[in-house]
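Engineer: could you look at this predicted model? Sequence included:
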Amino acid sequence: MRITSDFWIAAVVRRVFAAGGFAAVLKRGALEAGAIFVVTRDRLGESSLYGPAPQASYDSSKPQDRRFQLLIQGDADKIEARIAREEKFDPDLWVVELEPGNKDVSDFILIDEL
C-alpha cells in the first residue's frame, strides 16, 4: 500500500530538517494522492525541479516508493512556469521546496536518471 502524499511530504520535511537543511511546503494538494513536485535550492542559489517519474520506472515489488525525475535545472523562471502549467492540469498537486544543506537531494528522494 502506498502512503498518502501529505504523510510522505511530512516525513521528507522532517528528514531534511534533521539533517540540518531547510524544507517548506509551497503548495498543499490532495491529501491522499496529489502529485508531488520537488523544488531544490543549493547553497549557491541554483534551483532544480523534480516531478513524478513515468509509471514505467516504478518497481512493482516496492509500490510504496515515490520516484522522481529531473525536469528543469538552473532556471527559476522556467520552474515557476512549469509548476503553473502543471497546476492548470492538476490543481491537487503538491510542491515542496528542499534546501538539503550539506546533503544531496538524492539522500531524501528517489531520482530516476533519464
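Structural biologist: Now that the structure is in, tell me what you want to look at.
Engineer: going forward, measure contacts and count neighbours with C-alpha atoms only.
Structural biologist: OK.
Engineer: so who does the spatially most central residue of the chain touch?
Structural biologist: The centre of the chain sits closest to Val38, judged by Cα atoms, centre = their mean, with a distance of 2.5 Å. With contacts defined as Cα atoms under 8 Å, 6 or more residues apart in numbering, the neighbours of Val38 are 49-51, 95-98.
Engineer: what is the nearest of the residues you listed to Arg82?
Structural biologist: Leu49 (8.9 Å; Cα to Cα).
Engineer: how about Arg67, nearest residue that isn't a chain neighbour?
Structural biologist: Distances taken as Cα to Cα, 6 or more residues apart in numbering place Leu110 nearest to Arg67, at 5.0 Å, with adjacent residues excluded.
Engineer: quick check: that neighbour vs Ala76, distance?
Structural biologist: For Leu110, the distance to Ala76 equals 22 Å [Cα to Cα, to the nearest Å].
Engineer: pretty sure Ile72 contacts Glu46?
Structural biologist: No: Ile72 is beyond contact range of Glu46, at 11.0 Å (criterion: Cα atoms under 8 Å).
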